[in-house]
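S.K.: Quick one: sequence plus predicted model below, questions after.
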Amino acid sequence: MTTTPTLQIDNLSVNFAGRQGPIPAVREVSLRVAGAESIGVVGESGSGKTQLFMAAMGLLAGNATASGSVRFEGQELLGASAPVLNRFRGSRLSMVFQDPMTSLTPHLRIGAQLAEVLLHHRDATRTAAWSAARDMLRRVRIADPAHCLQQYPHQLSGGMRQRVMIAMSLLCNPALVIADEPTTALDVTVQVQILDLLRSLRSEFGMALILVSHDLTVVARVADRILVMYAGRVVEASPAAELWRAPQHHYSAELLKCAPSLSGPLLARLPTLAGQAPRPEEVAAGCAFAPRCAAATEKCRRELPELRGSATRQVACHYPVSP
Amino acid sequence: MSGFWQDATERLRANPTAVAALLLMSLVMLLSIVGPWFSPNSAEALDWTQVASSPGLQHAHWFGTDRLGRDLFVRTLAGTRVSLAIGLVATLVSLVVGISYGAIAGYVGGRTDHLMMRLIEILSGLPLIFFVIFLTVIFGRGPALLFFTIGAIGWLTMARIVRGQTLSIRQREFIEAAIASGAGTPRIIVKHVIPNLIGPVIVYATLTVPQIILFESFLSFLGLGIQEPRASLGTLIAAGAGEMEAAPWILLVPGGVLAALLLCLNIFGDGLRDALDVKER
């Protein structure tokens, strides 16, 4: 028996209206989140990783159009009306944003903001909502939840605010939490705490987690499975450990080389990846990474490699890195 | 929201200037309602023995009398009551209509915004005096009409200010976060947009009250507003201006009350804005 996947994205493309024709930000991405897994999506700025999930949440900008299909617990979300989306958003499907400094409404106390989610989605009474909010703050390891409820967002540190955002996303016991660069705006030490928190909350709550980041080390800390995106496409999908051990796409391999390591030899200079990611409207036929790839041949520049491989591990490359 | 207002009150209390302004303003308001009872004189009775007498204790004409021998103390208080009522009611109308109109136009955007703002431009393009004369001809003169006309034009600027603020608030991330947590458009406007508008709105509202009081006196001066024997601060000042060389108190008494009121309103508005701004601590 096959169960309905939590999230099933099929052939999702996102195009922005540009002066010279559409600008493709996401190209035919498919993705499946079954049950309570934890998936990491990695890519450079502009690789389309954020827009992919903005489309799923119905948060695309006005000049963007999406095609394909996004099914959440069997319900098509792409093109769904706001009332339909609002049945899922914030309750079954919630999101943690990049910048906790600006994602909380400044004039409302933390307690009121958390309680509002429950008042809205669960028809809870005010007292019940506030006490649920306090319990949730405790579960995201905030030391003094009762005090925190009474504070305004600007009185909290960045890490505290991100904990509040995470608490808010968990209030209605969601099936899936999408965390879009949840640690990018935070200090490195706080980053690790937040990531560890996300990892332990995921097993506590038994929900699925999608972690979007430009930082492979961040994703590797939390995700079971990693998708590497480049120029709007998924170029490699692999269990985290295997990707870390033996990347198959040249881009993933280069990314791994750039990740600093504490255990390895001390390098005078971190390796960098030469060249720049192509602008979305300038992607030529063939493999988008070909211009920066050492192993590229004429075939790479001419023919788009498809995402192929086993059920657990796929790569979109004509000449994958041999293990 | 109760906590929010509670906090704001606390912060307002910590601001002595604003509290003093509020107290003085309340005192004037209270006096304008109960003050006339303490005086043996009435606002419309003529005292031919005391024409244009200077302020003093004789015959209980504490603030003196005007050129028809009417008691200035009572007349000024009655005028203050009328002016304040017009100022407050018209400001309230402009707050309610302006905020909802502006917030909806700004937040919904697109064609709705376009249509709503064009309507405002048409309305503000109407020649105001013509509009007032037109209404006076249809409905006859009276304070009710004055409330209506001033209210009808007062919200236009408010709506524009609110829309402008809303446009910038709409871009902020907490709005996106609110959408992502499943809040519908009405809820976002009420809970996340309007409370963030309070600063500029309050300041503009406290500036509106004096504007409206001045506009009322202008209309009354043209004969379209409050008419004799009724009084408003505007008509009293207009009458006093004619006598200012011979009997300056006829101008100074209502003028002083108006100036004090406007100053208090501005100081209080400033304090209120600071008190409502969560971040300014």
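M.R.: All right, it came through fine.

S.K.: going forward, measure contacts and count neighbours with C-alpha atoms only.
M.R.: Will do.

S.K.: average model confidence for stretch B:141-159?
M.R.: Here stretch B:141-159 scores 79 as its mean pLDDT.

S.K.: What are the buried residues along it?
M.R.: Buried residues in stretch B:141-159, counted by 16 or more other Cα atoms under 10 Å in any protein chain shown: B:141, B:145-151, B:153-159.

S.K.: Within the helices and strands, which one has residue B:104?
M.R.: helix B:72-108 (DSSP states H and E).

S.K.: packing partners for the very next helix or strand once past that helix?
M.R.: Once helix B:72-108 ends, the next helix or strand along the chain (criterion: DSSP H and E) is helix B:110-125. The criterion is 3 or more Cα pairs under 8 Å, 6 or more residues apart in numbering or on different chains; DSSP states H and E, and the helices and strands that helix B:110-125 contacts are helix B:72-108, helix B:143-170.

S.K.: Residue A:212 belongs to a helix, doesn't it?
M.R.: No: assessed with DSSP: H, G, I helix; E, B strand; the rest coil, residue A:212 is strand; it does not lie in a helix.

S.K.: Can you get me a residue count around it?
M.R.: 27 (other Cα atoms under 10 Å in any protein chain shown).

S.K.: In contact with it: list those residues for me.
M.R.: By Cα atoms under 8 Å, 6 or more residues apart in numbering or on different chains, residue A:212 lies in contact with A:40-42, A:49-50, A:178-182, A:219.

S.K.: Dig out what it forms beta bridges with.
M.R.: Beta-bridge pairing of residue A:212 under DSSP bridges involves residue A:41, residue A:180.

S.K.: I'd like the average pLDDT over the helix or strand containing residue B:252.
M.R.: With secondary structure defined by DSSP H and E, residue B:252 is part of helix B:249-276. Here helix B:249-276 scores 85 as its mean pLDDT.

S.K.: and that helix, what does it pack onto?
M.R.: Of the remaining helices and strands, those touching helix B:249-276 by 3+ Cα pairs under 8 Å, 6+ apart are helix B:2-13, helix B:16-38, helix B:72-108, helix B:198-221, helix B:233-242.

S.K.: contacts for the last one?
M.R.: Applying Cα under 8 Å, 6+ apart, the external contacts of helix B:233-242 come out as B:76, B:79-80, B:82-83, B:213-214, B:216-218, B:220-221, B:226, B:248-252, B:254-255, B:258.

S.K.: Show me the residue at the heart of the chain, geometrically.
M.R.: If you meant another chain, say so; for now it's chain A. When Cα atoms, centre = their mean is applied to chain A, the residue found nearest the centroid is residue A:212 (2.5 Å).

S.K.: Chain B is the one I meant
M.R.: Closest-to-mean residue, chain B, Cα atoms, centre = their mean: residue B:209 / 2.1 Å.

S.K.: Spit out the contact partners of the spatially closest residue to residue B:162 that is not a sequence neighbour.
M.R.: Nearest residue to residue B:162, sequence neighbours excluded (Cα to Cα, 6 or more residues apart in numbering or on different chains): residue B:102, at 5.0 Å. Applying Cα under 8 Å, 6+ apart to residue B:102 gives the contacts B:158-164, B:166.

S.K.: Let me know the distance separating residue B:102 from residue B:277.
M.R.: Going from residue B:102 to residue B:277 by Cα to Cα, to the nearest Å gives 21 Å.

S.K.: returning to that earlier point: chain neighbours aside, what residue packs nearest to the residue nearest to the centre of chain B?
M.R.: Using Cα to Cα, 6+ apart and skipping the chain neighbours, the partner closest in space to residue B:209 is residue B:87 (4.8 Å).

S.K.: shouldn't that neighbour be in contact with residue B:205?
M.R.: No: applying Cα atoms under 8 Å, one finds residue B:87 not in contact with residue B:205, separated by 10.1 Å.

S.K.: where does the chain dip in pLDDT?
M.R.: Assuming you mean chain A. Applying pLDDT under 70 to chain A picks out residues A:1-2, A:261-268, A:323.

S.K.: Wait, chain B was what I had in mind.
M.R.: Within chain B, the ranges that satisfy pLDDT under 70 run B:1-4, B:51-52, B:57, B:59-61, B:278-281.

S.K.: Could you list which residues are in contact with whatever residue of it ends up closest to chain A?
M.R.: Closest residue of chain B to chain A, Cα to the nearest Cα: residue B:181 (3.5 Å). By Cα under 8 Å, 6+ apart, residue B:181 lies in contact with A:86, A:89-91, A:94-95, A:117, A:169.

S.K.: Measure how the helix holding residue B:104 sits relative to helix B:233-242, angle-wise.
M.R.: Angle, helix B:72-108 to helix B:233-242, by axes from the mean of the first three to the mean of the last three Cα atoms, to 10 degrees: 130 degrees.

S.K.: Can you give the distance of helix B:72-108 from its chain's centre?
M.R.: 5 Å (Cα atoms, centre = their mean, to the nearest Å).

S.K.: Can you tell me how far the residue nearest to the centre of chain B is from residue B:215?
M.R.: Residue B:209 sits 10 Å away from residue B:215, going by Cα to Cα.

S.K.: which residues do the two both contact?
M.R.: Shared contacts of residue B:209 and residue B:215 (Cα under 8 Å, 6+ apart): none.

S.K.: Please name the nearest non-neighbouring residue to residue A:146.
M.R.: Closest to residue A:146 by Cα to Cα, 6+ apart is residue A:134, at 6.2 Å.

S.K.: What's the local residue count around residue B:31?
M.R.: Applying other Cα under 10 Å, we find 18 residues neighbouring residue B:31.

S.K.: Ok, the one 4 residues further on next?
M.R.: The criterion is other Cα under 10 Å. On that basis, residue B:35 has 15 neighbouring residues.

S.K.: Just want to know which of residue B:87 and residue B:205 has more residues nearby.
M.R.: Taking neighbours as other Cα under 10 Å, residue B:87 and residue B:205 compare with residue B:87 leading, 24 against 21.

S.K.: list the contacts for residue B:112?
M.R.: Shown in contact with residue B:112 (Cα under 8 Å, 6+ apart): residue B:105.

S.K.: let me fix that: residue A:63
M.R.: Neighbour list for residue A:63: A:16-17 [criterion: Cα under 8 Å, 6+ apart].

S.K.: residues in the stretch 151-300 of chain A within reach of chain B, list them.
M.R.: Neighbours of chain B within the stretch 151-300 of chain A, by Cα under 8 Å from any Cα of the partner chain: A:152, A:154, A:169.

S.K.: Next one: the second one from residue A:17, what distance?
M.R.: Plainly put, residue A:154 is 37 Å away from residue A:17 if you go by Cα to Cα.

S.K.: Please say which of the two ends up with more neighbours.
M.R.: Remark: of residue A:154 and residue A:17, residue A:154 carries more neighbours, 17 against 14, as counted by other Cα under 10 Å.

S.K.: Confirm that the more buried one sits in a helix.
M.R.: Yes: counting by three-state DSSP, residue A:154 is part of a helix.

S.K.: you'd agree it is up against residue A:105?
M.R.: No: using Cα under 8 Å, residue A:154 makes no contact with residue A:105, being 9.8 Å away.

S.K.: Neighbours of residue B:248, how many?
M.R.: As a burial measure, residue B:248 scores 15 neighbours (other Cα under 10 Å).

S.K.: Would you mind listing the residues in contact with it?
M.R.: With contact taken as Cα under 8 Å, 6+ apart, residue B:248 is in contact with residue B:240.

S.K.: Swap in 10 Å and give it another go.
M.R.: B:52, B:54, B:240-242 (Cα atoms under 10 Å, 6 or more residues apart in numbering or on different chains).

S.K.: what's the spacing between the residue nearest to the centre of chain B and residue B:271?
M.R.: Using Cα to Cα, we find residue B:209 at a distance of 16 Å from residue B:271.
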